[in-house]
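K.L.:
Sequence and predicted structure are below.
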Number of protein chains: 2
Amino acid sequence: MALIVQKYGGTSVGNVERIQNVAQKVRQFVAEGHQVVVTVSAMSGETNRLTALANEIQSQPCKREMDVLLTTGEQVTIALLSMALQEIGVSAVSYTGWQVAIRTNDIHSKARIEGIDAEKINHQLSDGKVVIVAGFQGVTDEGDITTLGRGGSDTTAVALAAALKADECQIYTDVDGVYTTDPRVVPEARRLDYVTFDEMLELASLGAKVLQIRSVEFASKYKVPLRVLSSLKEGGGTLLISEEDFEGLNMEKPLISGIAFSRDEAKLMILGVPDRPGVAFQILGPISDANIEIDMIIQNQGVDGTTDFTFTVSRGDLRAAKAILEETAATLGAREILCDDTIVKISMVGVGMKSHSGIASKMFKVLAENEINIQMIGTTEIKISVVIHESMLETAVQALHQAFELDQ
Amino acid sequence: MALIVQKYGGTSVGNVERIQNVAQKVRQFVAEGHQVVVTVSAMSGETNRLTALANEIQSQPCKREMDVLLTTGEQVTIALLSMALQEIGVSAVSYTGWQVAIRTNDIHSKARIEGIDAEKINHQLSDGKVVIVAGFQGVTDEGDITTLGRGGSDTTAVALAAALKADECQIYTDVDGVYTTDPRVVPEARRLDYVTFDEMLELASLGAKVLQIRSVEFASKYKVPLRVLSSLKEGGGTLLISEEDFEGLNMEKPLISGIAFSRDEAKLMILGVPDRPGVAFQILGPISDANIEIDMIIQNQGVDGTTDFTFTVSRGDLRAAKAILEETAATLGAREILCDDTIVKISMVGVGMKSHSGIASKMFKVLAENEINIQMIGTTEIKISVVIHESMLETAVQALHQAFELDQ
């Protein structure tokens, strides 16, 4: 018997029939003797409907009231799912965020969980009940309703699993796991049985939109085994665990777990700026101040006492970043500004590469053999990223996937 | 400066535009220097939508979960009204039932209010805010969500007014007050400026569906001045007060305040039952046990040691009551059973009749002059009811309204 926390997203509970399907799935786990806690999102479409109502009234709706409004979405789902379980003979009880004291700070619309009162849930579990908890929502010490922001229901599930010391946290979604890369680009892409939290963080932030980063961070921090699986297809999904737990499995860790890529990249270059201390801050500070996120940064020293600066931003931020950079260029007496929004980023991720040299050189060799020009390179302990021209994305990912035998 | 509790029903907040109208109305009171607490219902149609979802899942939805589900309706309204007020420059804050601790017992779907924590509301009022409280809902000591049943938002408003010691509780509805009788039957029917709680209880229970009986009882118990008025039409509406307060106004109280009537009446007679102690219980007990409400009862003693029993029920209960009565008749050896669902009940209500004899005889005279046969008569301290044939309803009400000068 295990204690399992499950999370079903908005699509999985999008109508009565789907809610009934979720109830059937939960019943299977109960029949196998497990204790089950279920977290659900609002029915798909509901959040948009409520947001539209608010926007009719206020163009910038009051965040406190927006949280009061939106949290009704999950409250509807928990009640309906509890009814659906009871209807098929499974004892169940629903709780909103405040009812199980999912305590958060008071940053409305993106509050952080500070604690959960496990007692009430444990009591109902030992009474043989399935406990259903509204995702995405919490309550402040003053009794105000809060929401956790994007992907908040995933965070609720992981936080519940941590507080209850659950054996596993299962996130049901519309994909059946984490893949070595996007199957639309590489049909041979393979579902990973295991991936470490650190790898997942790199894969997620690079565009494999399976899980919200915050919930992975949370799971990593509290060492909650996190399984991603499909609510429609059968299958074991992908289990996210710590590197430590992975070593405990006594399996050979592949050097590379996956290849992520992002098309939403643009490059800015400022050429011929004075090569002196503080110049990086002078260039990048104003960009950050405008809330534009900078990803990769490269500085090339020139021979004439000047230097060239290259960095990447999201394509949507290119125009704003360029305007800021032009002012900076004038101040610094830079020679030229160049922009390019025809680039993409490809990243190979794997904790195995820590202990193996030669991954980078093999990657560069594969790209060279396919006549793909590398524009920028960036590395972390478990990741190598390259920026290339967008026309070469598919060729590069397919060649790397094959060369590193990710399909096997 | 007064402290006013206002309640707006589902129709008054049925869409964004109407919510904005309510906000404008509230702003007027704030501009006049009043402190305002607003209670709202779910937007019209919302409760039906949610109930339909539940019924798709369970034919008899779990009452606890039904309360979780339905209370989202008012939660949506409070958030939207708070936004609408803020948008027009009125400081406002919304609270659900549990947030202001509207404590109830645990009878889901028709819980009773046991107490309200006035502190939070008082604090916000003295901060200059309009406080918006979700109607119809409360919370048990164990933290379970409850609803107050039909008309629950009226009850919430009155309970808030009592707890806050408000100067007035205003119930906004789609009628502009309490009338001497139904204007559809008597076009000269006049809106009453004042009516006592006791009169209102008789008028309400007899079919003048302006206010829920429970909220009037509550207002009467805690002596909360209760005003019924239209959310669409301007006007002072009707103020419900205690008889005592009425006397303080030094106005002449009319003998009769209003004439109520009900078409939903049916009569059952059981003839020739043994005239012995306990026979009334033997006849009426099984009817009550079947949850059929009995209204008027008459027993006529016969000359041959038997007696006749006549009583009235709702028309919808006639068939069931008859079936039960037939069994009883067989047991008691009764002679005959007669049924009649072509009757109506007309009631004249007024605290003034306590101190004036002659009201009843004048009523009977008016009916006789109009050749209306009286089938049954019932009286209380402030009410005289007669049962007549349904074809004479309009004639009777019009004649009585004129004879007692209710149009003046």
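P.N.:
Great, that's in hand.
K.L.:
Determine the next helix or strand in the C-terminal direction from the lowest-mean-pLDDT helix or strand in chain A.
P.N.:
Within chain A, no helix or strand scores below helix A:243-248, which has a mean of 81 by mean pLDDT, DSSP states H and E. Next helix or strand after helix A:243-248 toward the C-terminus (DSSP states H and E): strand A:258-274.
K.L.:
which residue ranges form the helices in chain A?
P.N.:
Taking DSSP state H, the helices of chain A run over residues A:16-31, A:46-57, A:63-87, A:118-126, A:152-164, A:197-205, A:213-222, A:243-248, A:279-289, A:318-332, A:359-369, A:393-403.
K.L.:
So which of these is nearest residue B:141?
P.N.:
Nearest to residue B:141, of all the helices of chain A, is helix A:118-126, at 13.5 Å by C-beta to C-beta. For glycine as for every other residue, the C-beta is placed from the backbone atoms N, C-alpha and C.
K.L.:
In terms of secondary structure, what does the closest one contact?
P.N.:
Where contact means 3 or more C-beta pairs under 8 Å, 6 or more residues apart in numbering or on different chains; DSSP states H and E, helix A:118-126 is packed against strand A:35-40, strand A:92-95, strand A:130-134, helix A:152-164.
K.L.:
packing partners for the third one?
P.N.:
Counting by 3+ C-beta pairs under 8 Å, 6+ apart, the packing neighbours recorded for strand A:130-134 are strand A:35-40, helix A:63-87, strand A:92-95, helix A:118-126, helix A:152-164.
K.L.:
tell me which residues of the second one are tucked away?
P.N.:
Under the neighbour-count criterion of 16 or more other C-beta atoms under 10 Å in any protein chain shown, helix A:63-87 has A:64-87 buried.
K.L.:
can you give me the offset of it from its chain's centre?
P.N.:
Offset of helix A:63-87 from its chain centre (C-alpha atoms, centre = their mean, to the nearest Å): 24 Å.
K.L.:
ok and it relative to strand B:130-134, angle-wise?
P.N.:
Helix A:63-87 runs at 10 degrees relative to strand B:130-134, counting by axes from the mean of the first three to the mean of the last three C-alpha atoms, to 10 degrees.
K.L.:
and helix A:63-87, average pLDDT?
P.N.:
Helix A:63-87 comes out with an average pLDDT of 98.
K.L.:
Same question for the third one.
P.N.:
The predicted model assigns strand A:92-95 a mean pLDDT of 98.
K.L.:
Adjacent strands (with direction) for that strand?
P.N.:
Strands adjacent to strand A:92-95 in the sheet, as given by DSSP bridges, are strand A:130-134 (parallel).
K.L.:
How far off centre is the strand it pairs with?
P.N.:
Distance, centroid of strand A:130-134 to centroid of chain: 23 Å (C-alpha atoms, centre = their mean).
K.L.:
same question, stretch A:158-167
P.N.:
Put simply, stretch A:158-167 sits 19 Å off its chain's centre (C-alpha atoms, centre = their mean).
K.L.:
what about that stretch, average pLDDT?
P.N.:
Mean predicted lDDT for stretch A:158-167 stands at 96.
K.L.:
Buried residues in that stretch, which are they?
P.N.:
The neighbour-count check on stretch A:158-167 (16+ other C-beta under 10 Å) flags A:158-164, A:166 as buried.
K.L.:
Local confidence estimate at residue A:333?
P.N.:
So residue A:333 comes in at 91 (pLDDT).
K.L.:
do the one 5 residues further on as well
P.N.:
The per-residue pLDDT reported for residue A:338 equals 95.
K.L.:
who touches residue A:108 in this structure?
P.N.:
Taking C-beta atoms under 8 Å, 6 or more residues apart in numbering or on different chains, we find residue A:108 in contact with A:63-64, A:66-67, A:144, A:146-147.
K.L.:
Now do it against residue B:87, distance only.
P.N.:
17 Å (C-beta to C-beta, to the nearest Å).
K.L.:
For residue A:349, which non-adjacent residue is spatially closest?
P.N.:
residue A:202 (4.4 Å; C-beta to C-beta, 6 or more residues apart in numbering or on different chains).
K.L.:
actually residue A:374, not the one I wrote
P.N.:
residue A:386 (5.0 Å).
K.L.:
Dump the helices and strands packed on helix A:118-126 to a markdown table, plus distance to residue A:290.
P.N.:
Listed next are these as a markdown table, based on distance: least, C-beta to C-beta, whole Å:
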| stretch | distance to residue A:290 |
| --- | --- |
| strand A:35-40 | 36 |
| strand A:92-95 | 42 |
| strand A:130-134 | 36 |
| helix A:152-164 | 27 |
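K.L.:
Which of these sits closest to residue B:198?
P.N.:
Of all these, strand A:92-95 sits nearest to residue B:198, with 42.3 Å by C-beta to C-beta.
K.L.:
if we can go back for a sec, any idea which of the helices of chain A gets closest to residue B:128?
P.N.:
Of the helices of chain A, nearest to residue B:128 by C-beta to C-beta is helix A:63-87, at 16.5 Å.
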